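Asker: using only what follows, build the 3D model:
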Amino acid sequence: MSFLSTMNIIGSGITAQHLRLDVISENVTNINTTRTGEGGPYRRKVVVFQAQDGDRNTFRQAMAEAQFRLNGQVSNAGYETTGGVRVVEIAEDPSDFKLKYDPTDPDANEEGYVELPNVDLVKEITDAMAASQAYSANVTAFNVLKSVVSSGLEIGR
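Answerer: You can find the predicted model right below:
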């Protein structure tokens, strides 16, 4: 795996987790929004990720490639494709809205119930903590890569 591929993988993780944190903050901001432009209450949004494998080899193919290199042979099964993660979509959570009885609310239905957003603060905080940890792990990986490259450049001196 080349230096630039590693940078691309780490960068894709940082970008994806940053977007995830932005969506979580939008959810928390709209936790009490009972009326939107589309009509009805705010619907929770979630970020959908997908692995970006490209043409990456399986473990067996990588081991065969390593064996070719140990034997001094050259193989054309190059596996230096960029991986990482990409955001497929920002989807809406299809779960049901919460109902609150308040016949005085202007958004109440005929029975006096108000539909509240399907945003759960505990779930959002948990997701934010997970996204923050993933973001931090990507930053740590970047710092390790930076250190390795710096040490490699020192060898040439």
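
Asker: which residue sits closest to Val48, ignoring its sequence neighbours?
Answerer: Val88 (4.6 Å; CB to CB, 6 or more residues apart in numbering). C-beta here means a position set from N, CA and C on the backbone, and glycine is covered the same way.

Asker: doesn't the one you found fall inside a strand?
Answerer: Yes. Secondary structure assignment (DSSP: H, G, I helix; E, B strand; the rest coil) places Val88 inside a strand.

Asker: tell me who's in contact with it.
Answerer: For Val88, the contact set (CB atoms under 8 Å, 6 or more residues apart in numbering) comprises 48-50.

Asker: who wins on neighbours among these?
Answerer: Within those, neighbour counts (other CB atoms under 10 Å) peak at Phe49, which reaches 16 neighbours.

Asker: and Val139, what element?
Answerer: Taking DSSP states H and E as the definition, Val139 sits inside helix 121-155.

Asker: how about that helix: buried residues?
Answerer: By neighbour count on 16 or more other CB atoms under 10 Å, the buried set for helix 121-155 is 124, 127-128, 131, 134-135, 138, 142.

Asker: now render those residues as a markdown table, adding distance to Asp93 and pLDDT.
Answerer: Converted to a markdown table, these look like this (distance: CB to CB, whole Å; pLDDT from 0 to 100):
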| residue | distance to Asp93 | pLDDT |
| --- | --- | --- |
| Glu124 | 11 | 97 |
| Asp127 | 11 | 96 |
| Ala128 | 15 | 97 |
| Ala131 | 16 | 96 |
| Ala134 | 20 | 95 |
| Tyr135 | 22 | 95 |
| Asn138 | 25 | 93 |
| Phe142 | 31 | 91 |
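
Asker: put together a markdown table for those, with distance to Thr33 on each row.
Answerer: As requested, these are exported to a markdown table (distance: CB to CB, whole Å):
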| residue | distance to Thr33 |
| --- | --- |
| Glu124 | 14 |
| Asp127 | 18 |
| Ala128 | 19 |
| Ala131 | 22 |
| Ala134 | 27 |
| Tyr135 | 26 |
| Asn138 | 31 |
| Phe142 | 36 |
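
Asker: what is the mean pLDDT for stretch 34-46?
Answerer: Stretch 34-46 comes out with an average pLDDT of 92.
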